[in-house]
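S.K.: return atomic coordinates for the entry below.
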Amino acid sequence: MNNLSLDRVEVAVAIPEVGITLRLSDASVGDRGVIIDVRADDDGRDHGVDIEELQRRLLEFGFVEGARVEVIHEGAIGHDPIAVRLDDMRVALRRRDAGDVIILLDRR
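M.R.: The predicted model follows:
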């Protein structure tokens, strides 16, 4: 699985004919790929807004299927928040919200 650390191997899914998919919240600085799904789930985490509002906000920010994404920075405390390059803009978001964005990692 290329350069994935052992703790990330547990959360990544390898699909032989497609590649490796994982939640954006589990990505590390330097990881890049394409968004394949955005789905806000009621997973018990406190997002501060209801699930429908969170999904609407992510979509309005540009987290849509097919958008290119790269993790470019993470906070010092708990690696939160993260900053990502999303197509041609930069966006910062909390890791718990980034968990609702599924990406297909670029092959290295």
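
S.K.: give the rounded mean pLDDT of the longest helix seen in the chain.
M.R.: Across the chain, the longest stretch assigned as helix under DSSP state H is helix 51-61. Mean pLDDT, computed over helix 51-61, is 87.

S.K.: repeat for stretch 36-44
M.R.: Average pLDDT, stretch 36-44: 75.

S.K.: same question for stretch 91-107.
M.R.: Here stretch 91-107 scores 91 as its mean pLDDT.

S.K.: run a quick neighbour tally on residue 68.
M.R.: Counted with other CB atoms under 10 Å, residues neighbouring residue 68 total 15. (Glycine included, C-beta is placed from N, CA and C.)

S.K.: what residues are up against it?
M.R.: Neighbouring residues of residue 68 by CB atoms under 8 Å, 6 or more residues apart in numbering: 32, 33, 34, 35, 85, 86, 87.

S.K.: 7 Å instead?
M.R.: 34, 87 (CB atoms under 7 Å, 6 or more residues apart in numbering).

S.K.: residue 64 now?
M.R.: With contact set as CB under 7 Å, 6+ apart, residue 64 has these partners: 35, 38.

S.K.: just checking, it is part of a strand?
M.R.: No: counting by DSSP: H, G, I helix; E, B strand; the rest coil, residue 64 is not found in a strand; it is coil.

S.K.: how close does it sit to residue 35?
M.R.: 7 Å (CB to CB, to the nearest Å).

S.K.: output the longest helix of the chain as CSV, restricted to C-alpha atoms.
M.R.: Extracted in CSV, the C-alpha atoms of helix 51-61 (Å, rounded to 0.1, in the frame of the first residue of the first chain):
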residue,chain,number,x,y,z
ILE,A,51,-26.3,16.4,9.0
GLU,A,52,-28.2,18.0,6.1
GLU,A,53,-26.7,21.4,6.8
LEU,A,54,-23.2,19.9,7.0
GLN,A,55,-23.6,18.1,3.7
ARG,A,56,-24.9,21.3,2.1
ARG,A,57,-22.0,23.4,3.4
LEU,A,58,-19.4,20.8,2.1
LEU,A,59,-21.0,20.9,-1.3
GLU,A,60,-21.1,24.7,-1.4
PHE,A,61,-17.4,24.9,-0.5
